[in-house]
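*Asks:* Take this sequence and fold it.
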Amino acid sequence: HRPSALATVDFVLAMNQGRIQAFGLKDDVLARLFPRPQPAVATVAGVPRLRLATEEPPRSGAAAAGE
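*Replies:* I've put the predicted structure just below:
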């Protein structure tokens, strides 16, 4: 109930209704009990993909067909 107390511990024991719910290294237990939401990735048709400056530009259809 006191987040500041977690700064001083290595292991955590979490209980729920008198039963052990999780036990282990503090970071592992907290990650299991409070997973971080994954960011949503949106794709939009017709929007060009971003390229790194070191990547080759995409070839046009005519140039790619001539290989």
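
*Asks:* elements contacting the helix ranked longest in the chain?
*Replies:* Counting residues, the longest helix found in the chain (DSSP state H) is helix 26-33. The contact analysis (3 or more C-beta pairs under 8 Å, 6 or more residues apart in numbering; DSSP states H and E) places helix 26-33 against strand 11-16, strand 19-25. No exception for glycine: its C-beta is placed from N, CA and C like everyone else's.

*Asks:* and the end-to-end length of stretch 18-32?
*Replies:* Stretch 18-32 has an end-to-end distance of 19 Å (C-alpha to C-alpha, to the nearest Å).

*Asks:* could the helices and strands packed on helix 26-33 go into CSV alongside distance to Q38 and mean pLDDT?
*Replies:* Listed next are the helices and strands packed on helix 26-33 as CSV, based on distance: least, C-beta to C-beta, whole Å; pLDDT from 0 to 100:
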stretch, distance to Q38, mean pLDDT
strand 11-16, 23, 92
strand 19-25, 21, 93
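
*Asks:* In JSON lines, list these along with distance to P3.
*Replies:* Compiled in JSON lines, the helices and strands packed on helix 26-33 are given as follows (distance: least, C-beta to C-beta, whole Å):
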{"stretch": "strand 11-16", "distance to P3": "12"}
{"stretch": "strand 19-25", "distance to P3": "17"}
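
*Asks:* quick one, which of those is nearest to R32?
*Replies:* Closest approach to R32 among the helices and strands packed on helix 26-33 (C-beta to C-beta): strand 19-25, 5.6 Å.

*Asks:* Just checking: what are the partner strands of that closest one?
*Replies:* Each strand paired with strand 19-25, and its direction, by DSSP bridges: strand 11-16 (antiparallel).

*Asks:* Only the C-alpha atoms, please, for the strand it pairs with, written as PDB.
*Replies:* What follows is strand 11-16, C-alpha atoms only, in PDB (Å, rounded to 0.1, in the frame of the first residue of the first chain):
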ATOM      1  CA  PHE A  11      11.400  -9.700  -3.300                       C
ATOM      2  CA  VAL A  12       7.700  -9.200  -3.100                       C
ATOM      3  CA  LEU A  13       4.900 -11.500  -1.900                       C
ATOM      4  CA  ALA A  14       1.400 -10.500  -3.200                       C
ATOM      5  CA  MET A  15      -1.700 -12.100  -1.600                       C
ATOM      6  CA  ASN A  16      -5.300 -12.100  -2.600                       C
END
